[in-house]
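Trainee: Coordinates for the following, if possible.
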Amino acid sequence: MLLGVGLALRIYFMFVWRPAITGYSDSGIYFQDSVQSLWTDPIRTVGYSMFLRVLHGITPHLIFVTIVQHALGLLTATIYFVAVRRSGGPRLLGLAPAAMIALGGDQLFMEHSALSDSLLIFIVSVTLYCALRASGGQLWWAALAGVAAGLGVWDRGAGLVMVAIVASWLLFSAGRPTRRTLASGLVALIASLAMIGVYIGWREEVSGLSGLTTNNAWNLYGRVGPWADCNKFTPPAGTQKLCEYTTPAERGYRSGGDGYIYDTESPAWKLFGPPYEVSKYPHAMSLLEKWSEAAILGEPGEYLHAVWLDTIRLFDPKHASYSDLSAGELMEFLLHGPEGKGESSFVEYWQHLLYPHDAAPHHGDIGPLLEWEKLTRVTGVWMALALALFLIGPWVLSGRARAGMILFALTALALLFFPIFTKGYDYRFTIQAFGPLVAAAALSLWGLQGRLRALRRPAPA
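Mentor: Below you'll find the predicted structure:
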């Protein structure tokens with residue numbers, strides 16, 4: 001019944017808005033990579049562009065991408081249901097994360113958008129399920145978990161956290177390291193590193209560029225740039241020009257980390273060129289990274305304050321911080337583009353080149369879906385309750401349930417906080433954590449109920 005309702009919502013979405021939501025500028029970059037070289041974009045990993053190319057080879061229509069992503073969403077809901085059952089939870093308990101994925105408004109919008117998020121959410125669910133299966137000692141499940149985690153890195157660089165979590169969790173899945181858990185962790189880690197190595201080697205072979213990306217230092221700069229004050233730390237040699245604006249007050253017109261990265265008036269843009277091109281400046285990204293690290297070490301209080309402001313936004317997305325989109329702003333950006341006037345001309349240009357035979361887009365009344373998205377957001381009290389249950393879970397659960405809860409909780413925390421520490425808050429980045437977040441909270445609540453029932457049970461005579 002749950003999957004049936006989820007399917008009905010997705011069919012309704014297809015009739016109201018088709019072929020896809022493409023207001024977000026990143027969609028144009030994925031389309032561009034699919035038309036030109038896969039390695040055109042130096043700031044992101046390009047697994048989603050590969051995904052688009054594969055689907056394009058089946059049928060060159062964007063609506064097919066949306067259909068496949070919606071199908072993956074329902075499959076993801078099923079995987080979380082089975083994963084919770086695999087952790088020892090009752091059937092009804094598995095419905096909690098399944099409902100979050102099958103019915104959640106944010107999930108629906110991500111699946112309907114030409115963005116990498118829905119693919120990453122699916123890959124994370126597969127990774128977690130394979131890891132749970134591997135905890136029984138089957139090394140081939142550990143290898144599959146590692147491969148899935150590696151593919152997550154292909155889709156999004158933040159997938160690196162899954163590589164570390166899976167290998168570490170498998171090592172301690174029995175409570176303490178044993179020969180079996182050591183073998184499982186090593187197999188998963190080797191498989192992940194092999195997949196990442198394939199990506200890096202392929203990229204270097206075709207484009208001559210090394211590493212996962214060339215311009216990833218921009219992300220940390222976006223985390224640091226809006227508050228860094230060069231009067232309070234010593235800029236490394238060669239980075240003095242990045243102090244063109246020396247105090248946050250002088251940069252007050254610039255809002256958000258992404259705005260700071262993509263603002264043509266940003267000191268880094270002026271010095272190194274735009275972030276979507278490989279800089280001709282010698283060692284540009286090394287210098288940008290060193291400057292950002294120097295700012296963090298020189299102003300640790302400001303860095304922690306920025307992280308704290310973003311942490312508050314997990315509960316109140318509208319709270320002021322140095323970072324980017326709130327939930328409402330994300331929806332506006334998805335639907336209406338960066339200028340609020342409809343789809344971006346940049347996206348439309350590359351979309352037409354990639355899908356020249358598509359019919360004209362249909363944009364109907366999406367109001368009911370937007371109201372549903374607001375109703376199902378995981379913020380405020382719901383986010384606070386879920387994170388509080390994380391603290392309780394390890395003490396009220398045991399065996400498989402405890403291990404599964406810890407895996408889900410570590411994954412959710414990493415997906416929530418890795419962007420906050422390295423790039424900045426964006427509501428878009430929180431959505432990928434909702435599946436494991438609800439799974440961990442559900443298992444913890446189940447364990448707590450069991451302990452409370454045991455306390456109420458009268459002692460035997």
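
Trainee: just checking, what packs against the helix or strand in which residue 198 is found?
Mentor: Per DSSP states H and E: residue 198 is located in helix 179-207. Using 3 or more CB pairs under 8 Å, 6 or more residues apart in numbering; DSSP states H and E as the contact criterion, the secondary-structure elements in contact with helix 179-207 are helix 117-134, helix 139-155, helix 160-171. All C-beta atoms are positioned from the backbone trio N, CA, C, and that covers glycine.

Trainee: how far does that helix sit from the chain's center?
Mentor: Taking CA atoms, centre = their mean, to the nearest Å, one finds the center of helix 179-207 at 20 Å from the center of the full chain.

Trainee: pLDDT (mean, whole number) over it?
Mentor: Averaged across helix 179-207, pLDDT comes to 96.

Trainee: could you point out which element follows that helix?
Mentor: helix 217-224.

Trainee: Average pLDDT for that following helix, rounded please.
Mentor: Average pLDDT, helix 217-224: 93.

Trainee: Can you tell me what sits against it?
Mentor: The set of residues external to helix 217-224 that reach it, using CB atoms under 8 Å, 6 or more residues apart in numbering, is 43, 257-258, 260-261, 268, 275, 285-286, 288-289, 291-293, 295-296, 303, 306, 421-424.

Trainee: same thing but at 7 Å, please
Mentor: Under the criterion CB atoms under 7 Å, 6 or more residues apart in numbering, residues 43, 257-258, 260-261, 268, 275, 285, 288-289, 292, 295-296, 422-424 lie in contact with helix 217-224.

Trainee: Please apply the same query to stretch 275-294.
Mentor: Residues outside stretch 275-294 that contact it (CB under 7 Å, 6+ apart): 41-43, 214-215, 217-218, 220-221, 224, 233-236, 238-239, 242, 261-262, 268, 271-273.

Trainee: and those, which are buried?
Mentor: Using 16 or more other CB atoms under 10 Å as the burial test, the contacts of stretch 275-294 include 41-43, 214-215, 217-218, 220-221, 224, 233, 235, 238-239, 242, 261-262, 268, 271-272 as buried.

Trainee: still on that earlier bit, who wins for proximity to residue 452 among the helices and strands packed on helix 179-207?
Mentor: Among these, the nearest to residue 452 by CB to CB is helix 117-134 (26.3 Å).

Trainee: which residues touch residue 103?
Mentor: 5-6, 9, 376.

Trainee: which of those residues tops the neighbour count?
Mentor: Using other CB atoms under 10 Å as the neighbour criterion, residue 6 leads these with 22 neighbours.

Trainee: can you tell me the helix or strand for it?
Mentor: Secondary structure from DSSP H and E places residue 6 in helix 2-16.

Trainee: elements contacting the worst-scoring helix or strand of the chain on mean pLDDT?
Mentor: Averaged element by element with mean pLDDT, DSSP states H and E, the chain has its least confident helix or strand at helix 257-262 (a mean of 77). Packed against helix 257-262 by the contact rule (3 or more CB pairs under 7 Å, 6 or more residues apart in numbering; DSSP states H and E) you find helix 217-224.

Trainee: so what's the backbone phi/psi at the residue nearest to residue 297 when sequence neighbours are not counted?
Mentor: In space, not counting the residues next to it along the chain, residue 297 is nearest to residue 233; the distance is 7.1 Å by CB to CB, 6 or more residues apart in numbering. The phi/psi pair for residue 233 (degrees, to the nearest 10) reads phi -150, psi 160.

Trainee: Would you check how far apart residue 233 and residue 46 are?
Mentor: Separation of residue 233 from residue 46 (CB to CB, to the nearest Å): 35 Å.

Trainee: so can I have JSON lines of the helices and strands packed on helix 179-207 showing mean pLDDT, mean neighbour count and distance to residue 188?
Mentor: Written out in JSON lines, the entries for the helices and strands packed on helix 179-207 read as follows (pLDDT from 0 to 100; neighbours: other CB atoms under 10 Å; distance: least, CB to CB, whole Å):
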{"stretch": "helix 117-134", "mean pLDDT": "97", "mean neighbour count": "25", "distance to residue 188": "7"}
{"stretch": "helix 139-155", "mean pLDDT": "97", "mean neighbour count": "24", "distance to residue 188": "4"}
{"stretch": "helix 160-171", "mean pLDDT": "96", "mean neighbour count": "23", "distance to residue 188": "5"}
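
Trainee: count of residues packed around residue 269?
Mentor: Residue 269 is flanked by 17 other residues according to other CB under 10 Å.

Trainee: contacting residues around it?
Mentor: The neighbours of residue 269, taking CB under 7 Å, 6+ apart as the test, are residue 263.

Trainee: I'd like the next helix or strand past the one helix or strand it maps to.
Mentor: Applying DSSP H and E as the criterion places residue 269 in helix 267-272. Remark: after helix 267-272, the chain's next helix or strand is helix 284-298, criterion DSSP H and E.

Trainee: any idea of the angle that following helix forms with helix 217-224?
Mentor: Relative orientation of helix 284-298 and helix 217-224, computed by axes from the mean of the first three to the mean of the last three CA atoms, to 10 degrees: 30 degrees.

Trainee: Keeping just the C-alphas, turn helix 284-298 into CSV.
Mentor: In CSV, the C-alpha atoms belonging to helix 284-298 read as follows (Å, rounded to 0.1, in the frame of the first residue of the first chain):
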residue,chain,number,x,y,z
ALA,A,284,46.0,27.7,-8.0
MET,A,285,44.0,25.1,-6.0
SER,A,286,46.9,24.3,-3.7
LEU,A,287,47.2,28.0,-2.8
LEU,A,288,43.4,28.3,-2.3
GLU,A,289,43.4,25.3,-0.1
LYS,A,290,46.4,26.6,2.0
TRP,A,291,44.7,30.0,2.4
SER,A,292,41.5,28.4,3.6
GLU,A,293,43.3,26.1,6.0
ALA,A,294,45.3,29.1,7.3
ALA,A,295,42.1,31.0,7.9
ILE,A,296,40.6,28.0,9.9
LEU,A,297,43.8,27.6,12.0
GLY,A,298,44.1,31.4,12.5
